[in-house]
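Peer 1: Sequence plus predicted model, see below.
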Amino acid sequence: MEQPVAPGVDIAPTITPALTVVLAAAVGVIVFPLFAPQPLVGLIGPSLGLPPDAAGLVATLTLFGYATGLILLVPLTDLTENRRVVLLTLVGGVVALSAAAAAPSALLFLIAAFGIGACASAIQMIVPIAAALAPEAIRGRVIGNIMSGLTIGILLTRPIASLLAETLGWRGVYAFAAIAVAATGLSLHRALPQRRPLLRSSYGEIVKSLWRLLIEERILRMRAMLQGLCMGAFGLFWTAIALRLSTPPFSLGAKGVALFALAGVAGAIISPIAGRAGDRGQTRPATLISHLAIVGGFVLAGIAGAGWLGVDPAARPTLSLGLLAMAAVVLDAGVFADQTLGRRAVNILNPAARGRLNGLYTGLFFVGSAAGSGMTGIAWTYGGWTGVCLLGISFGATAFVLAILNRKLSS
């Protein structure tokens, strides 16, 4: 049985603006090796002798490692001193990244890729630490600021990895990531205060409690479902956009697509705003607006890329490209606003289980992202860009309807 310890064991709220910046930058760096393999698959596979049908393992095993870390490593923050867990996890990440950079064979690289993903789960250790450090009145704002760092990191990863690979090669990208994560670990070693967990329990009991938390916490299930739909839309758009931009009238190459991805970074500014809305008791209306933004983003994408409402992309390619960039910003703003509101809601459910709740929340909506990306090929093949946009609208609209029906989103 989990036994609560004296309330004074957990640290008092002491977060500062400077520490918030450090934590936001840290999660932005740590997420880099998680998504960097995606644009590098075409380089890594042939270099290591992987057959084409197995090249996808480069990115898949990294993400699978991340999911494993959410289940097996993140719960440790509810069991042992948090600062130590984060730093040891980052040390493991540096070792795995270094091994990947020097891997002489495909097997050793794939093992390292799994380790890289597992250690990237340190992101979800940092978020609950920040939530514990922040006073309740500004907890949503703090989480939103850190989510901005994470969002920017995710959106910058693919273009930066692509550009670095052109000059350093794919091994250089992993070496760069190892150095960046090591530097992040040093900064956190100096900046993070110690935080002891609120529970006395065994590791086995902590892991087994994940299922119980999922059953008991209705808000967790609902917020994970909503964000799963939002991330499904996100994965769909950012997987399909490369296909649309590579065809006429845009005909962009790899560099052009990488630069286009930078447009989505502007959507990161919404996270602190969404966090403040949650702090002011406006979680429900802000959630609904975020889902409408996803629908609106895909409508705008349909106008710009599929000629909806009589707008011909071939006649005005520059305008259409600009509208697609605007659609990316609106879509990303909606997705990450919902995620920030969801993280705030999850982090106030049970302070003693923040690590596990963050791991569950992230792992569940991660399935939505994978599903959206996986549906891209079918939507593109049978419906083109119109099919992609209609599927994206259905994701956003479903989330909106579920949020309307659920009246417990006001916290």
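Peer 2: Happy to help now that I have it. Residues are numbered from 1 along each chain as shown.

Peer 1: Could you use CA atoms for every contact and neighbour count after this?
Peer 2: Fine.

Peer 1: Can you say which helix or strand has residue 224 in it?
Peer 2: helix 218-245 (DSSP states H and E).

Peer 1: Residue 192 and residue 86: what is the separation?
Peer 2: 10 Å (CA to CA, to the nearest Å).

Peer 1: Show me which of the two is the more surrounded one.
Peer 2: residue 86 (27 against 20; other CA atoms under 10 Å).

Peer 1: And the more buried one, how far from residue 177?
Peer 2: 17 Å.

Peer 1: Likewise for residue 399?
Peer 2: Residue 399 sits at a distance of 35 Å from residue 177 (criterion: CA to CA).

Peer 1: Settle it for me: which of these two has more neighbours?
Peer 2: The neighbour comparison of residue 399 against residue 177 (other CA under 10 Å) goes to residue 399, with 27 against 24.

Peer 1: Just to check, that one is in contact with residue 226?
Peer 2: Yes: Residue 399 is in contact with residue 226 according to CA atoms under 8 Å; the separation is 5.3 Å.

Peer 1: so residue 40 makes contact with residue 170?
Peer 2: Yes: counting by CA under 8 Å, residue 40 touches residue 170, with 6.7 Å between them.

Peer 1: Pick out whichever of these two has more residues nearby.
Peer 2: residue 170 (25 against 19).

Peer 1: need the contact list for that one.
Peer 2: 40, 43, 44, 101, 164 (CA atoms under 8 Å, 6 or more residues apart in numbering).

Peer 1: Validate this expectation: residue 121 resides in a helix.
Peer 2: Yes: using DSSP: H, G, I helix; E, B strand; the rest coil, the secondary structure at residue 121 is a helix.

Peer 1: how does the protein divide into domains?
Peer 2: As given by automatic domain parsing, the domain ranges for the chain are 11-197, 217-411.

Peer 1: any chance of the ones you listed in CSV, plus distance to residue 204 and mean pLDDT?
Peer 2: Shown next, in CSV, are the domains of the chain (distance: least, CA to CA, whole Å; pLDDT from 0 to 100):
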stretch, distance to residue 204, mean pLDDT
domain 11-197, 10, 89
domain 217-411, 13, 89
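
Peer 1: quick one: the residue of the chain most remote from its centre from residue 307, how far?
Peer 2: Each residue of the chain has a distance to the centre, and by CA atoms, centre = their mean the biggest one is for residue 315: 36.3 Å. According to CA to CA, residue 315 and residue 307 sit 10 Å apart.

Peer 1: Run through the helices of the stretch 151-300 of the chain in chain order.
Peer 2: Secondary structure of the stretch 151-300 of the chain (DSSP state H, counting those that start in this stretch): helices at 203-216, 218-245, 254-261, 270-279, 283-306.

Peer 1: what distance separates the last one from the middle of the whole chain?
Peer 2: The gap between the average C-alpha position of helix 283-306 and the chain average comes to 19 Å, counting by CA atoms, centre = their mean, to the nearest Å.

Peer 1: Next, the buried residues of the next helix or strand after that helix.
Peer 2: The helix or strand immediately downstream of helix 283-306 is helix 317-347, counting by DSSP H and E. Within helix 317-347, the residues that count as buried by 16 or more other CA atoms under 10 Å are 317, 320-321, 323-347.

Peer 1: C-terminal to helix 317-347, what's the next element?
Peer 2: helix 354-405.

Peer 1: circling back: switch the helices of the stretch 151-300 of the chain over to CSV; also include mean neighbour count and distance to residue 378.
Peer 2: Shown next, in CSV, are these (neighbours: other CA atoms under 10 Å; distance: least, CA to CA, whole Å):
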stretch, mean neighbour count, distance to residue 378
helix 203-216, 14, 32
helix 218-245, 23, 11
helix 254-261, 18, 21
helix 270-279, 25, 31
helix 283-306, 24, 17
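
Peer 1: of all those helices, which lies closest to residue 97?
Peer 2: helix 254-261 (23.0 Å; CA to CA).

Peer 1: now for the closest one, which elements pack on it?
Peer 2: Where contact means 3 or more CA pairs under 8 Å, 6 or more residues apart in numbering; DSSP states H and E, helix 254-261 is packed against helix 139-191.

Peer 1: mind redoing it with 10 Å?
Peer 2: On a contact count with 3 or more CA pairs under 10 Å, 6 or more residues apart in numbering; DSSP states H and E, helix 254-261 meets helix 139-191, helix 218-245, helix 317-347.

Peer 1: Let me have the ones you listed in TSV, extended by distance to residue 266.
Peer 2: Converted to TSV, the helices and strands packed on helix 254-261 look like this (distance: least, CA to CA, whole Å):
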stretch	distance to residue 266
helix 139-191	8
helix 218-245	15
helix 317-347	6
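
Peer 1: Out of those, the one nearest residue 295 is which?
Peer 2: helix 317-347 (7.8 Å).

Peer 1: re the thing from before, including distance to residue 211, could the domains of the chain go into a markdown table?
Peer 2: A markdown table is the format used below for the domains of the chain (distance: least, CA to CA, whole Å):
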| stretch | distance to residue 211 |
| --- | --- |
| domain 11-197 | 11 |
| domain 217-411 | 9 |
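
Peer 1: nearest to residue 205, of those domains?
Peer 2: The minimum distance between residue 205 and the domains of the chain falls on domain 11-197, with 10.0 Å, by CA to CA.

Peer 1: The closest one: how far from the chain's middle?
Peer 2: For domain 11-197, the distance to the chain centre is 11 Å (CA atoms, centre = their mean).

Peer 1: Out of the helices and strands packed on helix 254-261, which is closest to residue 58?
Peer 2: With CA to CA as the criterion, residue 58 lies closest to helix 139-191 of the helices and strands packed on helix 254-261, at 11.9 Å.

Peer 1: quick one on the thing from earlier: mind putting the helices of the stretch 151-300 of the chain into TSV with distance to residue 149?
Peer 2: As requested, the helices of the stretch 151-300 of the chain are exported to TSV (distance: least, CA to CA, whole Å):
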stretch	distance to residue 149
helix 203-216	27
helix 218-245	17
helix 254-261	16
helix 270-279	9
helix 283-306	19
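
Peer 1: closest to residue 17 out of those helices?
Peer 2: helix 270-279 (12.9 Å).

Peer 1: Tell me the gap between that closest one and the middle of its chain.
Peer 2: Its chain's C-alpha centre lies 17 Å from the corresponding centre of helix 270-279 when counted by CA atoms, centre = their mean.

Peer 1: Which per-residue confidence value corresponds to residue 3?
Peer 2: Per-residue pLDDT puts residue 3 at 41.
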